[in-house]
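*Asks:* heads up, no residue letters with this:
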């Protein structure tokens, strides 16, 4: 590692809310919730279905998203900027077609990128807070604001992105008339509940993955449950389930969890020293 990178905190750094939050295991449940929410925007989900092998590679897509989030959060400034450039270049080459009108459109239209961004930030924030990752409202607002950085990396104008929870809520309210659970959204739902699996792994899918998918779905806002047409437990029940799942996953030692490839946090701690270790109690310090 070059000397210029040895002490590089990256785009967020250990003093950010993002640095502490993104090391939490409930980010996986939050990521699946984001997929459900993103699929309710017809133009967004068509862009995904028409340009990727989502049905056979949804796990790969989730892993690539996790790798991007990990690189942007914990990587060097250079690594994060390169990851953003790759995403922008890929999106600039992709188009999708509206089956009703025949219109062909670019998947990197700002409106579509903004929906994907806001669905992710909302999901990360809501799932972690409901699962007992404690943040004050001021810290939650700071988290939303910090992600003007990730918005810029995917090609958005940071000034056009919600800067706090109130602006994020207003954005979702404004988007409600656009959202619908069309055929592609139901394909995503069917896949997430029953992803194709090698016969040897079917028991694991039933025991582990299905619980994650059901919990992620349950954590969606009520309007999303209405659109998908599947009921969910009462919000208080969902919050209890999120807290119980969070408590269980957080019992797995962080060092064990962080050994999973691609080891972004382990590498960040090697670069910046052990004091950079992410932990909930460090938020706001």
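*Replies:* Good, I have the coordinates. All figures in this text were calculated on a predicted structure; none of them were measured in a lab. Numbers count the residues shown, from 1 in each chain.

*Asks:* any idea how far residue 280 is from residue 96?
*Replies:* Separation of residue 96 from residue 280 (Cβ to Cβ, to the nearest Å) stands at 39 Å. The C-beta positions use only the backbone N, C-alpha and C, and glycine is treated the same way.

*Asks:* do residue 224 as well
*Replies:* For residue 224, the distance to residue 280 equals 27 Å [Cβ to Cβ].

*Asks:* Which residue of those two possesses the greater neighbour count?
*Replies:* In this view residue 224 and residue 280 are compared by other Cβ atoms under 10 Å, and residue 224 has more residues nearby, 20 against 15.

*Asks:* Can you name the element that comes right after whatever helix or strand the more buried one lives in?
*Replies:* In this structure, residue 224 sits in helix 222-228 according to DSSP states H and E. Using DSSP H and E, the helix or strand that directly follows helix 222-228 along the chain is helix 235-249.

*Asks:* In a helix, residue 261, correct?
*Replies:* No. Membership of residue 261 in a helix is not supported by DSSP: H, G, I helix; E, B strand; the rest coil, which gives coil.

*Asks:* Give me the neighbour count for it.
*Replies:* Neighbourhood size, residue 261 [other Cβ under 10 Å]: 7.

*Asks:* Look up how far residue 51 lies from it.
*Replies:* Going from residue 261 to residue 51 by Cβ to Cβ gives 25 Å.

*Asks:* What of residue 186?
*Replies:* From residue 186 over to residue 51 the distance is 19 Å, taken as Cβ to Cβ.

*Asks:* can you check residue 283 too?
*Replies:* Plainly put, residue 283 is 37 Å away from residue 51 if you go by Cβ to Cβ.

*Asks:* How about residue 168?
*Replies:* 27 Å.

*Asks:* try residue 26
*Replies:* With the distance defined as Cβ to Cβ, residue 26 ends up 29 Å from residue 51.

*Asks:* Which one's more surrounded, these two?
*Replies:* Legend: neighbour count by other Cβ under 10 Å for residue 26 and residue 51, higher for residue 26 (24 against 15).

*Asks:* okay but that one is in contact with residue 242, surely?
*Replies:* Yes. Taking Cβ atoms under 8 Å as the definition, residue 26 is a contact partner of residue 242 at 7.4 Å.

*Asks:* which residues are common contacts for these two?
*Replies:* Taking Cβ atoms under 8 Å, 6 or more residues apart in numbering as the criterion, residue 26 and residue 242 both touch 127, 131.

*Asks:* before we move on, back to that, what's the helix holding residue 224 in contact with?
*Replies:* When contacts are defined by Cβ under 8 Å, 6+ apart, helix 222-228 is touched by residues 36-37, 40, 176, 179-181, 185-186, 189, 217, 220, 231-232, 235.

*Asks:* Can you flag the buried ones in the residues you listed?
*Replies:* The neighbour-count criterion (16 or more other Cβ atoms under 10 Å) marks 36-37, 40, 179, 181, 185-186, 189, 217, 220, 232 among the contacts of helix 222-228 as buried.

*Asks:* TSV for these, including secondary structure and distance to residue 60?
*Replies:* Output for the buried ones among the contacts of helix 222-228, formatted as TSV (DSSP: H, G, I helix; E, B strand; the rest coil; distance: Cβ to Cβ, whole Å):
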residue	secondary structure	distance to residue 60
36	helix	18
37	helix	20
40	coil	22
179	coil	26
181	coil	24
185	helix	20
186	helix	21
189	helix	19
217	helix	21
220	coil	23
232	coil	27
